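Asks: Any chance you could fold what I've pasted below:
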Amino acid sequence: MTQQDIKTRCAHLRRLRDRMNEEIQLLQTTLRETEARGFDNPIQTVDVLKSLQHVCNKVDLELEKCPADDV
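Replies: Below is the predicted model:
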C-alpha cells in the first residue's frame, strides 16, 4: 500500500468515525427523550446503538495504525 493510499484510507476512516459518532449522539438523545416521556427503551434502538459503538471502536483501532503526521 502506498503512502497516498494510507493517507486516503485514514481520511475515509476519520470521516466514517465522525459520522458514526454523530449517529451515536442522535440515538442517545432519542433514548433519553423516550425515557423522559416514560416509555421503555426500544430494543432495536439499543441494539443499533451498541452495534455502532462496537464498530466505532474497531475504526478507532484501525486509526491507531495511521501515521501521526496525518492527524
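Asks: quick one, what contacts the residue positioned nearest the centre of the chain?
Replies: Centroid-nearest residue in the chain: residue 20, 3.1 Å away (criterion: Cα atoms, centre = their mean). For residue 20, the residues meeting the contact criterion (Cβ atoms under 8 Å, 6 or more residues apart in numbering) are 52, 55-56, 59. All C-beta spots, glycine's among them, are computed from the backbone N, C-alpha and C.
Asks: from the residues you listed, which ones fall inside helices?
Replies: The subset of the contacts of residue 20 located in helices under the criterion DSSP state H comprises 52, 55-56, 59.
Asks: need the helices for this protein, in chain order.
Replies: Along the chain, the segments classed as helices by DSSP H run 3-36, 43-63.
Asks: coming back round to it: filter the ones in helices among the contacts of residue 20 down to just the buried residues.
Replies: Listed as buried from the ones in helices among the contacts of residue 20 are 56, 59; burial here means 16 or more other Cβ atoms under 10 Å.
Asks: just the ones in helices among the contacts of residue 20 now: which is nearest residue 38?
Replies: Each of those was checked against residue 38 using Cβ to Cβ; the closest is residue 52, at 25.3 Å.
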